[in-house]
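> Fold the following.
(chains A and B)
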2 protein chains.
Amino acid sequence: MNNNGEIIRLLKEKEDFISGAEMANTLKITRAAVWKRINILREKGYTIEASPAKGYKLLKSPDLSIEEIRDSISGRSMIIGREIIFFDTINSTNTCAMELAEKGYPDGTIIIADAQTGGKGRLGRKWLSPQGKNLYMSIILRPAILPRDAAILTLMTAVACASAIKRISSIPASIKWPNDLMVSDRKLGGILTEIKADMDRIFHAVIGIGININLGASDMPDEIKACATSIKNETGNVLSRTKVAVEILREMDKWYSILLNSGKKPIIEEWLKLSCTIGRAVKVTVGNNVFTGIAGTIDEEGMLMLKLPDNTFKKISAGDVIILR
Amino acid sequence: MNNNGEIIRLLKEKEDFISGAEMANTLKITRAAVWKRINILREKGYTIEASPAKGYKLLKSPDLSIEEIRDSISGRSMIIGREIIFFDTINSTNTCAMELAEKGYPDGTIIIADAQTGGKGRLGRKWLSPQGKNLYMSIILRPAILPRDAAILTLMTAVACASAIKRISSIPASIKWPNDLMVSDRKLGGILTEIKADMDRIFHAVIGIGININLGASDMPDEIKACATSIKNETGNVLSRTKVAVEILREMDKWYSILLNSGKKPIIEEWLKLSCTIGRAVKVTVGNNVFTGIAGTIDEEGMLMLKLPDNTFKKISAGDVIILR
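Below you'll find the predicted structure:
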């Protein structure tokens, strides 16, 4: 099934030359098949030294490898990532995922792209999506929840992403309601949830995840420099996009299964712990209306309870939040 | 643009022979063009007598005529019905409308079919859709409302349909929450709302309307005979489907413009007046859960406030309601 990913794993485990015979034996394929797969991996960006006497040695891996992502999550009987589809360049992973969902692709299907030409954020805004720098990933979900509970999918994904980033980097990632991943008041990533539904059921949802990983300050247009950042920008180090993707998929799988088995409450509790919004003075823009107040908790449907200056609360289901200093 | 509809109007207004020359003159087309259009109308089911000396006389119209629907609503600068697409037979007008909406068809586009092979109701249930009997119609809407307010579109359509049916028949049509049109505790019609949305916006909604018009008891399978009815079944008279469609489109246009200009409140007020649910003892099934109580009002998001035996209220966003006697 996924011999390419297994060959990479064998090469990585050995950290030195490994003979073609040993790999053929372990994977139960012929030596000719090993050689064929080594060449496929070279085309995919792996630098592999070959020596007639010693075998093969992995010198360098691409920083985004679908083979490694597949291999890392296979055999764990996860829902998330049971099917992974990769594009070098795509218009928008979310648009593609909505189309594939319409065609019947299953719960947990992942679409990843190395670059997006029409990357999108909330309200039709552009999402900066240059090649080779960041993670652009969409997940097809088919949860048995009511359409009016769809916002929990955004909260769940924010929890999964913030937890994943905290675990594999030193970054204190937090969540700004409703859909931003933040560090030191700058945007590190965003989540875009789209659904097709009737009033009883969600037919399918697509959760888009964009995380700035190795984006440098020089890659950012001036207008977003002040408000955006990346993992590399914060830590000074390049991080493997494969590693970030795998960690997010594992966290997504964990939280999705919590949602399906235990409902919304555990997600909201974790979200509140990871939030940088709650308790802060904020300005919220909803269409043409602007509200200023203190961001209270979120309710069980993910709505922000904004405490207005007259001490009444306003429930807000969607809007742009600016944290006031 | 719509000379076919105009020719029908001239024939109907005259109620006798009208000369080809007079029609050609009124419509500013040639007599040959009049003759051509008369033949098109004959193919569409109109019986038109032609006399070399006296001209043309309309003897019989089909009971569902897109030409007449178009002509009846043209020039009123309505949103609803600005584009009308007709199919003799289709799988489902809602499925078709969702596809056309995806392709960019505008706010107010109507899809009507004479028969559906895969007519659908809530929760994947079948909707009885034989040829030539009923109204099967879907409307594409693109309202600037929040996704969590989508249920108002179902309520609005129920108000429009119940009002239209009451005006053109003697039937005291009422509304059973959330989506049924009723008369004497039997189902006369249903509404199925589907949306594509993100958390900020509805990209498009499709409202499916199915009304049993000339369906006879013999057309109904046994399992629905006890709970379904039709306009003909109630009044004993065949009613023109064209007339029902035109009246519903006019009411939809009126209430849609009220929604866009004045918000949800007027719709909910009218809905409450037309409801047969409020104040009744009901059993509500939501997935695997069953609640029994008194149906209270609906809130501003269209949720049913069910008063439980312990006098607390439960908010219900979707479910099957059975009115207890």
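> make it CA atoms for all contacts and neighbour counts henceforth
Will do.
> In the stretch 1-150 of chain A, what residue comes closest to chain B?
Chain B sits closest to A:Arg148 of the stretch 1-150 of chain A, with a gap of 5.7 Å, by Cα to the nearest Cα.
> hang on, that residue packs against A:Glu301?
Yes - the criterion here is Cα atoms under 8 Å, and A:Arg148 meets it with A:Glu301 at 7.5 Å.
> ok, the two, which is more surrounded?
A:Arg148 (22 against 16; other Cα atoms under 10 Å in any protein chain shown).
> what's the residue nearest to that one when sequence neighbours are not counted in contact with, if anything?
Of all residues not flanking A:Arg148 in the chain, B:Arg148 sits nearest, at 5.7 Å (Cα to Cα, 6 or more residues apart in numbering or on different chains). Residues near B:Arg148 by Cα atoms under 8 Å, 6 or more residues apart in numbering or on different chains: A:Arg148, A:Ser317, B:Glu301.
> where does B:Arg148 land on pLDDT?
As predicted, B:Arg148 sits at a pLDDT of 90.
> same thing with A:Ala101?
97.
> State the three-state secondary structure for it.
The three-state label given to A:Ala101 by DSSP: H, G, I helix; E, B strand; the rest coil is helix.
> For it, give me its contacts.
Per Cα under 8 Å, 6+ apart, neighbours of A:Ala101: A:Ile140, A:His204.
> One more: A:Gly132?
A:Leu64, A:Asp114, A:Ala115.
> Which of the residues you listed fall in helices?
Using DSSP state H, no member of the contacts of A:Gly132 falls within helices.
> Show me these that map onto strands.
Using DSSP state E, the subset of the contacts of A:Gly132 located in strands is A:Asp114, A:Ala115.
> Can you tell me which of the contacts of A:Gly132 comes closest to A:Thr47?
A:Leu64 (13.8 Å; Cα to Cα).
> partner residues bridging the residue nearest the centre of chain A?
The C-alpha lying nearest the average C-alpha coordinate of chain A belongs to A:Ile209 (Cα atoms, centre = their mean; 4.3 Å). For A:Ile209, the residues forming beta bridges with it (DSSP bridges) are A:Met137, A:Ile191.
> what do you get for A:Leu306?
Under the criterion used (DSSP bridges), A:Leu306 bridges to A:Ala295, A:Lys314.
> isn't it right next to A:Ser317, touching?
No - between A:Leu306 and A:Ser317 there is no contact under Cα under 8 Å: 10.7 Å.
> residues from the stretch 201-325 of chain A in reach of chain B?
Applying Cα under 8 Å from any Cα of the partner chain, one finds that the stretch 201-325 of chain A approaches chain B through A:Arg201, A:Ser317, A:Ala318, A:Gly319.
> Name the member of these with the shortest distance to B:Ile8.
Distances from B:Ile8 to those, taken by Cα to Cα, are shortest for A:Arg201, at 43.7 Å.
> what's the burial count for that closest one?
When neighbours are counted by other Cα under 10 Å, A:Arg201 comes out with 20.
> quick one: whichever helix in chain A runs longest to chain centroid distance?
When chain A is parsed with DSSP H, its longest helix is helix A:241-262. Offset of helix A:241-262 from its chain centre (Cα atoms, centre = their mean, to the nearest Å): 9 Å.
> in it, what counts as buried?
Buried residues in helix A:241-262, counted by 16 or more other Cα atoms under 10 Å in any protein chain shown: A:241-253, A:255-256, A:258-259.
> A:Ser240 contacts A:Leu64, correct?
Yes - with contact defined as Cα under 8 Å, A:Ser240 counts as touching A:Leu64 (6.8 Å).
> quick one, which of these two is more surrounded?
A:Leu64 (23 against 17).
> Got the phi and psi for the more buried one?
phi -130, psi 110 (degrees, to the nearest 10).
> sec struct for the most far-flung residue of chain A relative to its centre, please.
Relative to the centre of chain A, the most outlying C-alpha is that of A:Ala53, 42.1 Å out, by Cα atoms, centre = their mean. Classification of A:Ala53 using three-state DSSP returns coil.
> Could you measure from it over to A:Met23?
14 Å (Cα to Cα, to the nearest Å).
> Can you tell me which of the residues of the stretch 201-325 of chain A next to chain B lies closest to chain B?
A:Ala318 (5.6 Å).
> secondary structure class for the closest one?
Under three-state DSSP, A:Ala318 comes out as coil.
> That one contacts A:Asn289, correct?
No - under the criterion of Cα under 8 Å, A:Ala318 makes no contact with A:Asn289, lying 11.8 Å away.
> So between the two, which is more surrounded?
Taking other Cα under 10 Å, A:Ala318 and A:Asn289 do not tie; A:Ala318 has more neighbours (23 against 8).
> where along the stretch 51-200 of chain A do the helices fall?
Counting by DSSP state H, counting those that start in this stretch, the stretch 51-200 of chain A has helices at residues A:66-73, A:93-102, A:151-168.
> most packed of these?
helix A:151-168 (a mean of 23; mean count of other Cα atoms under 10 Å in any protein chain shown).
> any low-confidence regions in chain A?
When residues are selected by pLDDT under 70, those of chain A lie in A:1-3, A:77.
> Pop the domain breakdown of it in here.
Annotated domains of chain A cover A:3-60, A:66-274, A:281-323 [automatic domain parsing].
> Looking at the ones you listed, which is nearest to B:Ile69?
So among these, domain A:66-274 is nearest, using Cα to Cα, at 27.9 Å.
> what's the span of the closest one, first residue to last?
29 Å.
> Stretch A:298-315 now?
9 Å.
> And A:Leu306 and A:Ser317? Which one has more around it.
A:Leu306 (26 against 20).
> ok, that one - contacts?
Residues near A:Leu306 by Cα under 8 Å, 6+ apart: A:Gly293, A:Ile294, A:Ala295, A:Gly296, A:Phe313, A:Lys314, A:Lys315, A:Ile316.
> do A:Asp16 as well
So A:Asp16 contacts A:Tyr56, A:Lys57, A:Leu58 (Cα under 8 Å, 6+ apart).
> what would the residues you listed look like in JSON lines with neighbour count and distance to B:Gly263?
Listed next are those as JSON lines, based on neighbours: other Cα atoms under 10 Å in any protein chain shown; distance: Cα to Cα, whole Å:
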{"residue": "A:Tyr56", "neighbour count": "20", "distance to B:Gly263": "69"}
{"residue": "A:Lys57", "neighbour count": "20", "distance to B:Gly263": "68"}
{"residue": "A:Leu58", "neighbour count": "20", "distance to B:Gly263": "64"}
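> Having no further points to raise, I will conclude here.
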